[in-house]
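1. quick one: sequence and predicted model below, then my questions.
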Amino acid sequence: MNSQYISCIKKNLTYAIVPARSGSKGVKNKNLKCLKGYPILAYAIAAAKLTKDISRIIVSTDSDYYAAVAKYYGGEVPFLRPAEISGDRSTDFEFMEHAISWLADNEGILPEHFVHLRPTYPLREINVISDAIQRMSGDEEATSLRSAHLASNTPYKWFNMREDGYFKCIKEGLTLDEANNPRQAFPDVYIPDGYVDLLRTKFIIENHLLHGNRMIGFVVPGGVDIDAMKDIEYLEYRTVNLHNDIYTYLADNFKPLNEVKL
């Protein structure tokens, strides 16, 4: 990445970036699956729209149809992501590198921070996103921020399988008997999730990495990160009487996807 892009960074400017490739194999068109009539992509866009510190919402997609859906629900799609970085094995760094390069080359302005909002985590609280932005903005030494929730079971009690068929502890130096100790004997472990990430543009340009080794651990309540149809079905069941600011915003301002002509 061109180091000269650093001169394009505008301090205290924050953009949201919502990745929405079209080629999901586990759940076809996962990012357009609907929750109470609205695609989960729209929930991510609405979450950013309702967060006062976010000035712009960039959707990175490889699909013209996804782009049309994103625009209808309030996102910007200034570019289409190339197919070669939109496959199953494509990384988050690749779409971020592409977005940063395109914005710098074509607009000459980059935000200090990107708020990474994955569509697969549709039910968020706006104040949590705002708190994450403030936490990152207040820590100049942080290279990134990632949300995570406390694991209910500790992996310190889990095993790997040796080649000879015997178990061994995941943690080096821990005996098999010690792994049978009560859960409370082990340190807390946190599971990264899709609630919210904060990325520092300058760090990405300089280091060709997304997160670095000074990642703020931002603890959030556990939720549902959609990975399979059963997750969507569970959310539909759980949200029969949904009272959520994001859903209310969508319902008040937009038609459900099945009523939209694009």
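-> All right, it came through fine. Residues are numbered from 1 along each chain as shown.
2. now the least confident helix or strand in the chain by mean pLDDT: buried residues?
-> Counting by mean pLDDT, DSSP states H and E, the chain has its least confident helix or strand at helix 229-238, which shows a mean of 77. For helix 229-238, a neighbour-count test (16 or more other Cβ atoms under 10 Å) marks 231-232, 235 as buried. (C-beta placed from N, C-alpha, C; glycine too.)
3. what comes up buried for the host helix or strand of Asp105?
-> Here Asp105, judged by DSSP states H and E, is contained in helix 92-106. By 16+ other Cβ under 10 Å, the buried positions in helix 92-106 come out as 93-104.
4. possible to save those residues as JSON lines with pLDDT?
-> Putting the buried residues of helix 92-106 into JSON lines (pLDDT from 0 to 100) gives the following:
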{"residue": "Phe93", "pLDDT": "96"}
{"residue": "Glu94", "pLDDT": "96"}
{"residue": "Phe95", "pLDDT": "96"}
{"residue": "Met96", "pLDDT": "97"}
{"residue": "Glu97", "pLDDT": "97"}
{"residue": "His98", "pLDDT": "97"}
{"residue": "Ala99", "pLDDT": "97"}
{"residue": "Ile100", "pLDDT": "97"}
{"residue": "Ser101", "pLDDT": "97"}
{"residue": "Trp102", "pLDDT": "97"}
{"residue": "Leu103", "pLDDT": "97"}
{"residue": "Ala104", "pLDDT": "97"}
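5. strands along the protein, start to end?
-> 9-19, 34-35, 38-39, 56-60, 110-116, 144-150, 159-161, 167-169, 190-200, 215-219 (DSSP state E).
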